[in-house]
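Q: Sequence and predicted structure, then a few things I'm wondering about:
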Amino acid sequence: MKDSILSASNLVKYFHEPETFQVLKDISFEVKRGEFLALVGKSGSGKSTLLYVLSTMDTDYEGKLAINGNPLTGKSQNELAAFRNQHIGFVFQFHYLLPEFTVLENVMIPALKMRRLSREEIETKAYGHLSTLGLQDQALKLASKLSGGQQQRVAIARALINDPSIIMGDEPTGNLDSKNSQLVFDIFRDIVAAGHQTIIAVTHDEDFAANCDRVLELSDGHLLK
Amino acid sequence: MKLPINYQIAATYLTSKVKQTIVAVLGVTFGISMYVFMNSFMSGVNEAQNRLAFSTLAHVRIYNDRPMDRSDIVSHVFPAGTIANIRNSKVIKYTDGIKNSQEIIRYLKTQPLVSAITPEVNISVFFKNVGNKVNGTLSGVDVAGEDRLFKTAEFMVQGSWKELAYRPDGIFVGIELARSLSLKINDNLNILTADGVSHTYKVIGIFRTNLSSVDKAKAYLSIAATRQLLAENQDYVTDIQINLADFKKANQLVNIISPVIPYKVESWSMANAQLEAGSNLRDVIAVAVSLTILIVAGFGIYNIMNMTINEKIREIAILKAMGFAGKDIRKIFLTMGTVIGLIGGFVGMGLGFLVSDAVNHVPFNVAGLATLPMSYDPEDYMLAFSFGLITTFVAGYFPSRKAAKIDPVNIIRG
Ligand SMILES: Nc1ncnc2c1ncn2[C@@H]1O[C@H](COP(=O)(O)OP(=O)(O)OP(=O)(O)O)[C@@H](O)[C@H]1O
Ligand SMILES: [Mg+2]
């Protein structure tokens, strides 16, 4: 059996605005290394909220979270930032790029921050990801000058640049047409096929979910088994 | 570009909104150039004022003060309760002038702070030309020494300063004194001393110091001729005038020499407290005005940085989501502030110099000046630069701290 990459135990989260409201209700699950996991559920069921907790960006929850054997609950914001930089790649529900930087720079920034490779190596790698995503000719354009679907693919390239253990996507194919959705799905498949990286993706796309290794369904803050 | 990523991000933010950056830089530039200009101008005014004042005032003066009050001498000598019967008491003549002047001058020459010394014999006299009579000061001077201290040769309107040394019958008069007594070169001028001695000299020169109190009531004679007029010996001196390499050390010199010298030792600042007060007040005004400008510029930068951070709040959240720590974000925005401060600082020093130079060329024909006075002190420039840098750093620090504290989820969740 493969080892566990992520373990969530008894996650509980409340929102207090406008009134106290429980979004996540005692959620526990494990994710194996190399797994391709889909997170589905109705709109408002708490998928994005759960993903932000798993991504370590949201620290306002109860329960315990560990990734790669590192207990992350209770760590400081700065420690978590360094952890995210190295271990987690994130694709947002809306394509959040830095508009004043070129596509290439956007992809390179997390790697330049990590400083494990030289600038030249990072650039080569970034070009590699951009061309698999069909964006090599857009590399030197400003990120703000791209279409929504193109921006979403740049965000995916950026999530991959540091070879993170887990890639989390909040509807990573939400803004893409069926051809590009298929392209992204195939790339994700290739990534997990290598066996070192894990993908957790929130999706509304039934085909996408059906082709994943496992599907977790959220309903009203509960995890359906 | 090979900069570390935080600096590269700061550089991109600075260059992608050039207009905003220029406005911020101009704020600092203006503050620093005003600081440079105000301080240079005020020091220029102070220097001009000092030059004017020190054209007749020595840095330190030694003279024989009036004798102490002797009206109740009995109580100093006899125990209290003694009955003394003294009728028609008289104060015996008090010796004026400085005894042992040679010895004192020799001692002063050993002092490292002293740069020049000259003895003088100053007396009150009446200047008479036929019917007209004006009272004033007759100054018997060591011709070479006086010029070394006060550059008196430069004041001569007619005649040559050196000539006084060779002409025991010659006298130099102030320009307004000459006018009020209708004197021209080679006219005769009669002097009447307090002791009733009268002597006539020939006017061989006219001077203008631009201090009207001097120009209308002073005349120069050689020190030997003055001693002769008073029938005093060759050692007789009423004042010893001393200049220092640095006039600000006058009080220090006074503290060193006054315990040794049995006469009144007075520095320029004791004699003319208003001079020092005026110069200090001008310094305070210059600093107050320029600091106010810098603070206003600082608020400008603070606003621009705050605006930038509010605009970029989503990008800051993304950077944090991708693994940038609070201190990276702070570094990005502090770098922006510091770059604005550095550019504004250098441009500001240049502009400050240009403005100072322009004002220095404005004609100003008062009190011997040709143009408005200006000083060019590197220290003023360095101070302006450091104040500018501190201001931008402080103005950038608080917004950047706010940016560092941004919680990424709240922003990204939307
Ligand atoms: N910042 C917030 N404050 C208060 N309530 C919130 C906040 N964000 C989300 N919620 C609520 O929490 C619940 C879960 O929201 P979440 O965004 O996780 O849903 P989701 O499953 O991702 O939906 P979708 O498929 O539409 O993206 C919703 O009822 C939402 O209204
Ligand atoms: Mg969502």
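A: Received the coordinates, thanks. Numbers count the residues shown, from 1 in each chain, chains lettered A, B, ... in the order given. Ligands and ions are numbered 1, 2, ... in the order given.
Q: Following element in sequence after the strand or helix carrying B:L108, please.
A: Secondary-structure assignment from DSSP states H and E places B:L108 in helix B:101-109. Next in sequence after helix B:101-109, counting helices and strands by DSSP H and E, comes strand B:114-129.
Q: Now do the buried residues in that next one.
A: Neighbour counts using 16 or more other C-beta atoms under 10 Å in any protein chain shown place B:114, B:116-123, B:125, B:127-129 of strand B:114-129 among the buried residues. For every residue, glycine as well, the C-beta is placed using N, CA and C.
Q: Show me what that strand is packed up against.
A: Packing contacts for strand B:114-129, counted by 3 or more C-beta pairs under 8 Å, 6 or more residues apart in numbering or on different chains; DSSP states H and E, involve helix B:101-109, strand B:132-141, helix B:143-150, strand B:188-193, helix B:223-230, strand B:239-244.
Q: mean confidence score for the helix holding B:L108?
A: Here helix B:101-109 scores 87 as its mean pLDDT.
Q: Centre of the chain to that helix, how far?
A: Centroid displacement of helix B:101-109 relative to its chain, using C-alpha atoms, centre = their mean, to the nearest Å, is 28 Å.
Q: Please tell me I have it right and B:Y263 contacts B:D65.
A: Yes - the pair B:Y263 / B:D65 is scored as a contact, 7.0 Å apart, by C-beta atoms under 8 Å.
Q: okay, those two: which has more neighbours?
A: Neighbours were counted for B:Y263 and for B:D65 using other C-beta atoms under 10 Å in any protein chain shown; B:Y263 has more, 19 against 9.
Q: Ramachandran angles for that one?
A: Per-residue torsions, B:Y263: phi -130, psi 170 (degrees, to the nearest 10).
Q: how about the residues of the stretch 1-150 of chain B near chain A?
A: Proximity of the stretch 1-150 of chain B to chain A (C-beta under 8 Å from any C-beta of the partner chain) is limited to residues B:2, B:4-5, B:8-9, B:12-13, B:16.
Q: Actually, the stretch 251-400 of chain B.
A: Within reach of chain A by C-beta under 8 Å from any C-beta, the stretch 251-400 of chain B has these residues: B:314-315, B:317-328.
Q: and residue 23, helix, strand or coil?
A: Just going to use chain A. Three-state assignment for A:V23 (DSSP: H, G, I helix; E, B strand; the rest coil): strand.
Q: Roughly how far does it sit from ligand 1?
A: Computed as C-beta to the nearest ligand atom, to the nearest Å, the A:V23 to ligand 1 distance reads 4 Å.
Q: Then B:V409?
A: Using C-beta to the nearest ligand atom, B:V409 is found at 8 Å from ligand 1.
Q: again with B:F126
A: Look at B:F126 and ligand 1: by C-beta to the nearest ligand atom, they are 98 Å apart.
Q: sorry, back to before: report the two of the residues of the stretch 251-400 of chain B next to chain A separated the most.
A: Spatial extent of these (C-beta to C-beta) is set by the pair B:R314 and B:K327 at 20.0 Å.
Q: Of these two, which one has the most company?
A: Counting neighbours by other C-beta under 10 Å for B:R314 and for B:K327 shows that B:R314 has the greater number, 17 against 14.
Q: Toward the C-terminus from the helix or strand that one falls within, list the very next helix or strand.
A: Following DSSP H and E, one finds B:R314 within helix B:313-321. Beyond helix B:313-321 on the C-terminal side, the first helix or strand identified by DSSP H and E is helix B:326-360.
Q: How far does whichever helix or strand comes after that following helix sit from its chain's centre?
A: Using DSSP H and E, the next helix or strand after helix B:326-360 towards the C-terminus is helix B:378-404. In this view, helix B:378-404 has its centroid 30 Å away from the chain centroid, taken as C-alpha atoms, centre = their mean.
Q: Tell me the first helix or strand C-terminal of helix B:378-404.
A: Later in the chain than helix B:378-404, the nearest helix or strand by DSSP H and E is helix B:408-413.
Q: packing partners for that following helix?
A: The helices and strands touching helix B:408-413, judged by 3+ C-beta pairs under 8 Å, 6+ apart, are helix A:47-54, helix B:313-321.
Q: right, and those - which one's nearest ligand 1?
A: Closest approach to ligand 1 among those is made by helix A:47-54 (3.1 Å; C-beta to the nearest ligand atom).
Q: Could you confirm whether the closest one reaches ligand 1?
A: Yes - counting by C-beta under 6 Å from any ligand atom, ligand 1 is contacted by helix A:47-54 at A:47-49.
Q: And these, which is closest to chain B?
A: A:S48 (7.1 Å; C-beta to the nearest C-beta).
Q: list the contacts for A:T73?
A: Counting by C-beta atoms under 8 Å, 6 or more residues apart in numbering or on different chains, A:T73 touches A:63-66.
Q: Reformat the residues of helix A:47-54 next to ligand 1 as a markdown table; add pLDDT.
A: Listed next are the residues of helix A:47-54 next to ligand 1 as a markdown table, based on pLDDT from 0 to 100:
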| residue | pLDDT |
| --- | --- |
| A:K47 | 93 |
| A:S48 | 91 |
| A:T49 | 93 |
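Q: and these as CSV, adding distance to chain B and neighbour count?
A: What follows is those, written out as CSV (distance: C-beta to the nearest C-beta, whole Å; neighbours: other C-beta atoms under 10 Å in any protein chain shown):
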residue, distance to chain B, neighbour count
A:K47, 12, 22
A:S48, 7, 22
A:T49, 8, 21
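Q: The closest residue to chain A within the stretch 101-250 of chain B: neighbour count?
A: Closest contact between the stretch 101-250 of chain B and chain A, by C-beta to the nearest C-beta, is at B:K248 (52.6 Å). For B:K248, the count of nearby residues is 12 (other C-beta under 10 Å).
Q: Can I take it that it is in a strand?
A: No - counting by three-state DSSP, B:K248 is not found in a strand; it is helix.
Q: Tell me the pLDDT of it.
A: B:K248 is assigned 82 on the pLDDT scale.
Q: Say whether ligand 1 is contacted by the helix holding B:R314.
A: No - counting by C-beta under 6 Å from any ligand atom, ligand 1 is not contacted by helix B:313-321; separation bottoms out at 13.4 Å.
Q: angle of that helix against helix B:378-404?
A: Taking axes from the mean of the first three to the mean of the last three C-alpha atoms, to 10 degrees, one finds helix B:313-321 and helix B:378-404 inclined to each other by 80 degrees.
Q: Now the helices and strands packed on helix B:408-413 in JSON lines, please, with extra columns for distance to A:T132.
A: Formatted as JSON lines, the helices and strands packed on helix B:408-413 follow (distance: least, C-beta to C-beta, whole Å):
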{"stretch": "helix A:47-54", "distance to A:T132": "24"}
{"stretch": "helix B:313-321", "distance to A:T132": "22"}
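Q: Of those helices, flag the one that's most buried.
A: Mean neighbour count (mean count of other C-beta atoms under 10 Å in any protein chain shown) peaks for helix A:47-54 among the helices and strands packed on helix B:408-413, with a mean of 23.
Q: Contacts for that one, please.
A: For helix A:47-54, contacts defined as C-beta under 8 Å, 6+ apart pick out A:6, A:8, A:11, A:13, A:23-24, A:27, A:39-41, A:58, A:61, A:65, A:93, A:168, A:170, A:200, A:202, A:218, B:409, B:412-413.
Q: Contact partners for residue 38?
A: Picked chain A for this. A:A38 makes contact with A:201-203, A:208-209, A:212, A:214-216, according to C-beta under 8 Å, 6+ apart.
Q: let's do chain B instead
A: Residues in contact with B:M38 (C-beta under 8 Å, 6+ apart) are B:286, B:289-290.
Q: near ligand 1, which residues of chain A show up?
A: Residues of chain A found near ligand 1, taking C-beta under 6 Å from any ligand atom as the criterion, are A:15, A:17, A:23, A:41, A:43-49.
Q: just the residues you listed: which has the poorest pLDDT?
A: Among those, A:E17 has the lowest pLDDT, at 83.
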